[in-house]
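Peer 1: sequence isn't available, so here's the structure alone:
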């Protein structure tokens with residue numbers, strides 16, 4: 001039984017830990033934060049492909065216990081006129097429906113499931129260095145503790161410490177052309193379908209929102225401009241940018257301005273970021289996954305779902321390929337074309353160089369779930385011999 005260390009207890013890391021344990025590994029999971037609330041305030045959507053991956057990890061029930069389902073997409077133009085209202089993929093299957101939830105809730109649900117399965121989940125373990133030798137890999141943490149395993153999976157996010165061991169210093173996140181605001185309000189702009197996500201194509205902004213069954217509105221706004229300077233935490237810096245955002249949203253009709261105004265200080269703002277194409281993912285016994293390897297701008301809403309796909313394909317590659325280094329190479333052959341396609345498409349939307357032709361392609365999680373991907377994710381099916389058609 002291989003001893004595998006997973007650095008990062010967010011979505012990618014905890015899901016990978018669940019998959020690796022299912023594949024027969026002895027897994028230890030290390031998270032730098034002292035608790036499960038990795039992101040203050042941010043929410044996300046899991047698309048059908050992400051929900052399909054969760055099912056292969058036997059984690060559907062753990063995640064559907066939080067958040068709420070989304071079954072349709074509304075698209076409004078800058079005048080507030082509804083352009084289309086169509087069902088989302090998976091709307092007729094409760095296990096595959098899109099799901100809207102707070103990132104911290106998803107982290108907590110996945111970590112609780114890992115602990116329920118008897119996995120060691122260590123909080124407050126901040127990585128400071130790695131030793132990758134012929135007989136194993138050792139992680140050194142800020143508190144002076146260490147852990148040694150046969151393999152190490154770096155799932156420690158956009159500002160990954162593991163990536164410094166794997167890739168050149170030049171392989172760092174870059175600005176993707178937009179600031180992204182997230183927020184909540186207890187009120188709704190009008191009588192709303194709680195199963196819908198509404199996207200608003202503003203004249204100088206992209207806005208989206210969904211209303212929970214309890215009446216809370218979850219919203220985001222993407223705005224072009226110079227990157228935010230380094231400074232205070234995102235949830236505090238947002239207050240300084242609120243009036244600037246409201247001014248942009250008020251240029252258009254529709255509900256966006258009213259929603260943001262009602263949110264008061266319950267908002268945060270971050271720079272949209274992406275990893276350069278071709279960033280190295282592996283060296284020796286160490287492999288990067290999730291945002292540490294292939295962060296994309298949030299324009300397609302696929303970050304969390306791609307991380308869940310990573311977890312399943314990695315676990316299957318290590319299960320089906322006796323030599324771990326060969327398994328890492330197989331994993332990369334499958335995953336790199338798909339996730340780098342997402343980086344390119346999402347970055348194009350953020351920079352305004354790509355405009356989705358139809359409403360469906362503008363929705364969070366719009367990546368197509370085709371037969372090749374379904375076969376890759378199906379747990380009982382060995383990874384297909386070729387990787388053609390996986391997009």
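Peer 2: Okay, I see it. Bear in mind that the values here come from a model prediction, so they are computed numbers and not experimental data.
Peer 1: output the lowest mean pLDDT helix or strand found in this protein.
Peer 2: helix 359-362 (a mean of 36; mean pLDDT, DSSP states H and E).
Peer 1: how about the helices in the stretch 51-200 of the chain?
Peer 2: For the stretch 51-200 of the chain, the helices defined by DSSP state H, counting those that start in this stretch occupy 60-64, 103-116, 163-166.
Peer 1: for residue 301, which of these is the nearest?
Peer 2: Among those, the nearest to residue 301 by C-beta to C-beta is helix 103-116 (12.6 Å). Yep, even glycine has a C-beta here, placed from its N, CA and C like the rest.
Peer 1: what lies in contact with the closest one?
Peer 2: Residues from elsewhere that reach helix 103-116 (C-beta atoms under 8 Å, 6 or more residues apart in numbering): 9-11, 14-15, 17-18, 21, 29, 31, 36-40, 42-44, 46, 59, 62-63, 65-67, 121, 304.
Peer 1: same check on stretch 129-146?
Peer 2: Against stretch 129-146 from outside (C-beta under 8 Å, 6+ apart): 3, 5, 7, 30, 124-128, 147-152, 162, 165, 283-286.
Peer 1: now with 6 Å, please.
Peer 2: 5, 125-128, 147-148, 150, 152, 165, 284-286 (C-beta atoms under 6 Å, 6 or more residues apart in numbering).
Peer 1: so residue 287 sits right up against residue 327, yeah?
Peer 2: No - with contacts counted by C-beta atoms under 6 Å, residue 287 stays clear of residue 327, the gap being 9.1 Å.
Peer 1: ok, the two, which is more surrounded?
Peer 2: Remark: of residue 287 and residue 327, residue 287 carries more neighbours, 30 against 21, as counted by other C-beta atoms under 10 Å.
Peer 1: which residues does the more buried one contact?
Peer 2: When contacts are counted by C-beta under 6 Å, 6+ apart, residue 287 touches 153, 328.
Peer 1: my read is it is in a strand, agree?
Peer 2: Yes - under DSSP: H, G, I helix; E, B strand; the rest coil, residue 287 falls within a strand.
Peer 1: and the pLDDT for it?
Peer 2: Here the pLDDT value assigned to residue 287 is 98.
Peer 1: roughly how far does residue 383 sit from residue 333?
Peer 2: Residue 383 sits 9 Å away from residue 333, going by C-beta to C-beta, to the nearest Å.
Peer 1: which of these two has more residues huddled nearby?
Peer 2: With neighbours defined as other C-beta under 10 Å, residue 383 and residue 333 compare such that residue 383 has more, 20 against 15.
Peer 1: so who does that one touch?
Peer 2: 316, 320.
Peer 1: at 7 Å instead, please
Peer 2: Contact analysis of residue 383 by C-beta atoms under 7 Å, 6 or more residues apart in numbering lists 316-317, 320, 330, 334, 376.
Peer 1: can you give me phi and psi for it?
Peer 2: phi -60, psi 130 (degrees, to the nearest 10).
Peer 1: about what we covered before: narrow the contacts of helix 103-116 to those in strands?
Peer 2: Applying DSSP state E to those, the entries found in strands are 29, 31, 43-44, 46, 121.
Peer 1: what about the chain, any weak spots by pLDDT?
Peer 2: Low-confidence segments of the chain, defined by pLDDT under 70, are located at 36-41, 170, 188-192, 231-237, 353-369, 385-391.
Peer 1: centre-most residue in it?
Peer 2: residue 304 (2.3 Å; C-alpha atoms, centre = their mean).
Peer 1: list the buried residues in stretch 82-96.
Peer 2: 88-91, 96 (16 or more other C-beta atoms under 10 Å).
Peer 1: which one's the longest helix in the chain?
Peer 2: helix 324-351 (DSSP state H).
Peer 1: buried ones in it, by neighbour count?
Peer 2: 324, 327-328, 330-332, 334-336, 338-343, 345-351.
Peer 1: how about residue 269: what's its closest non-neighbour residue?
Peer 2: residue 238 (4.3 Å; C-beta to C-beta, 6 or more residues apart in numbering).
Peer 1: one step back: any chance of the contacts of stretch 129-146 in a markdown table with distance to residue 214 as columns?
Peer 2: Shown next, in a markdown table, are those (distance: C-beta to C-beta, whole Å):
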| residue | distance to residue 214 |
| --- | --- |
| 5 | 39 |
| 125 | 35 |
| 126 | 35 |
| 127 | 38 |
| 128 | 42 |
| 147 | 41 |
| 148 | 46 |
| 150 | 46 |
| 152 | 41 |
| 165 | 44 |
| 284 | 48 |
| 285 | 46 |
| 286 | 43 |
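Peer 1: no further questions, thank you.
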